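Participant: next one to model:
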Amino acid sequence: MARYTGPKARVSRRLGTNIWGTAGETKALDRRPYPPGDHGRTRRRNNNSEYLVQLQEKQKARFSYGMNERQFRNIYAEASRQKGVTGHILLELLERRLDNLVYRAGWAATRPQARQFVGHGHINVNGSRVDIPSYRVRPGDVIELRDKSRDMVTIRWNLDVLDRAVPGWLEASDGGQQVTVRETPSRDQIDMPVREQLIVELYSK
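Facilitator: You can find the predicted model right below:
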């Protein structure tokens, strides 16, 4: 299983954004809004090299979706073989991961939590249990919480308190406990703050 288990706040400070969406990262960024390390406070961000800026954009996307380098590179290679804008196709493929859909549906507070829900077998796809976080959904797929999972305190709290809006490429039903994939997500439906063109430039070297 590919997942980062190190200090999350350190990664978020290095990349300058809240990667996993936790309160701890927000506090760390507020208290110390500069990169970690002995020279983090004095590092001049405006002197960053082109390569470093491209690398940081790639790392933002890779850590946000919870993937290792090999997985991310393989998805980029798949996106580059398809017709269209490679950067947009890359984000579309990442968005269609099952763990990301669980997060987008509002059932999980963060993508790591969504990954856990999928791995523990709380999710059905078209009536069958799927426990593979990287499973790629397609238009027409119906994803729902399993019967025994609908009353979980964590999931109910996420639905009621977070009240996250479902993106336009998904359609929620059954009190928000079921979503249908209406279409493949377009770039303007993906609110990931990543400059995907820089990722393409990085891998094109």
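Participant: helices or strands next to the longest helix anywhere in the chain in the packing?
Facilitator: Counting residues, the longest helix in the chain under DSSP state H turns out to be helix 50-64. With contacts taken as 3 or more Cβ pairs under 8 Å, 6 or more residues apart in numbering; DSSP states H and E, helix 50-64 sits against helix 8-15, helix 69-81, helix 86-95, helix 196-203. Where C-beta positions appear, they are placed from N, C-alpha and C, glycine not excepted.
Participant: what's the average pLDDT for the first one?
Facilitator: Along helix 8-15, the predicted local confidence has a mean pLDDT of 68.
Participant: ok, the nearest residue to residue 121 once chain neighbours are set aside - contacts?
Facilitator: The shortest distance from residue 121 to any non-neighbouring residue, by Cβ to Cβ, 6 or more residues apart in numbering, is to residue 131 (4.8 Å). Neighbour list for residue 131: 118, 119, 120, 121, 123 [criterion: Cβ atoms under 8 Å, 6 or more residues apart in numbering].
Participant: determine which residue lies closest to the centroid of this structure.
Facilitator: Nearest to the mean C-alpha position of the chain, counting by Cα atoms, centre = their mean, stands residue 65 at 3.4 Å.
Participant: touching, it and residue 111? I think so.
Facilitator: Yes - assessed by Cβ atoms under 8 Å, residue 65 is found in contact with residue 111 at 6.7 Å.
Participant: shared neighbours of these two, anything?
Facilitator: residue 100.
Participant: distance of residue 194 from residue 64?
Facilitator: Per Cβ to Cβ, to the nearest Å, residue 194 is found 8 Å from residue 64.
Participant: burial of residue 129, as a residue count?
Facilitator: Residue neighbour count, defined by other Cβ atoms under 10 Å, stands at 11 for residue 129.
Participant: over to residue 116?
Facilitator: Burial measure for residue 116: 17 neighbouring residues, criterion other Cβ under 10 Å.
Participant: just checking, next helix/strand downstream of the strand or helix carrying it?
Facilitator: Following DSSP states H and E, one finds residue 116 within helix 111-119. Per DSSP H and E, the first helix or strand lying C-terminal to helix 111-119 is strand 123-125.
Participant: nice, that's everything, thank you.
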